[in-house]
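Peer 1: Requesting a structural model of the entry that follows:
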Amino acid sequence: AFYPEEPDFLLAEFDKIHVPILTRSDRELDVSNRRKKLAVSHRGVQRQRRCLFQLPKLMASHFLNAWLMCIPSQVSQRFQNSDQQNTYLLRALGALRLLRSKHRIVPDEAGYRCLIIACGRVNSDR
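Peer 2: So this is what the prediction gives:
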């Protein structure tokens, strides 16, 4: 039988900054599930009409939250300079403002938490 040679020492190199994975808490998942149940209810004609307008907004809100959860990881990568970090953060804040004011698409608490974390990781005071 062939067995590979064992290495002299075991070493794994990691980045100097450990970036944790951001997820939703149990309470935030419950709130999200309640919003989904309201948007896809199948009881009565009036509720179905209302649901036709709520479902696209709910889907857009989930997409916005998924994108906002990626922003802290993007701004904390070590090869980016402060201009690139500012660009990512300002783009996220601009998208949030535009979607809230024009289309009434609001992220949940996890999206706002991710933006606060991203603001803390950027090396700027903007």
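
Peer 1: where are the low-confidence patches of the protein?
Peer 2: 1, 7, 9-21, 38-53, 126 (pLDDT under 70).

Peer 1: Try it again at 50.
Peer 2: In the predicted model, the chain carries no residue with pLDDT under 50.

Peer 1: other SSEs contacting whichever strand or helix holds G111?
Peer 2: Using DSSP states H and E, the element containing G111 is helix 109-121. Helices and strands touching helix 109-121, by 3 or more Cβ pairs under 8 Å, 6 or more residues apart in numbering; DSSP states H and E, are helix 26-39, helix 45-68, helix 71-75, helix 82-102. C-beta coordinates here come from the backbone N, C-alpha and C atoms, glycine included.

Peer 1: who does the last one touch, helix- and strand-wise?
Peer 2: Put plainly, it is helix 82-102. helix 45-68, helix 71-75, helix 109-121.

Peer 1: what about R104, distance to R97?
Peer 2: For R104, the distance to R97 (Cβ to Cβ, to the nearest Å) stands at 12 Å.

Peer 1: Of all the helices and strands packed on helix 109-121, which one comes closest to D8?
Peer 2: helix 71-75 (34.1 Å; Cβ to Cβ).
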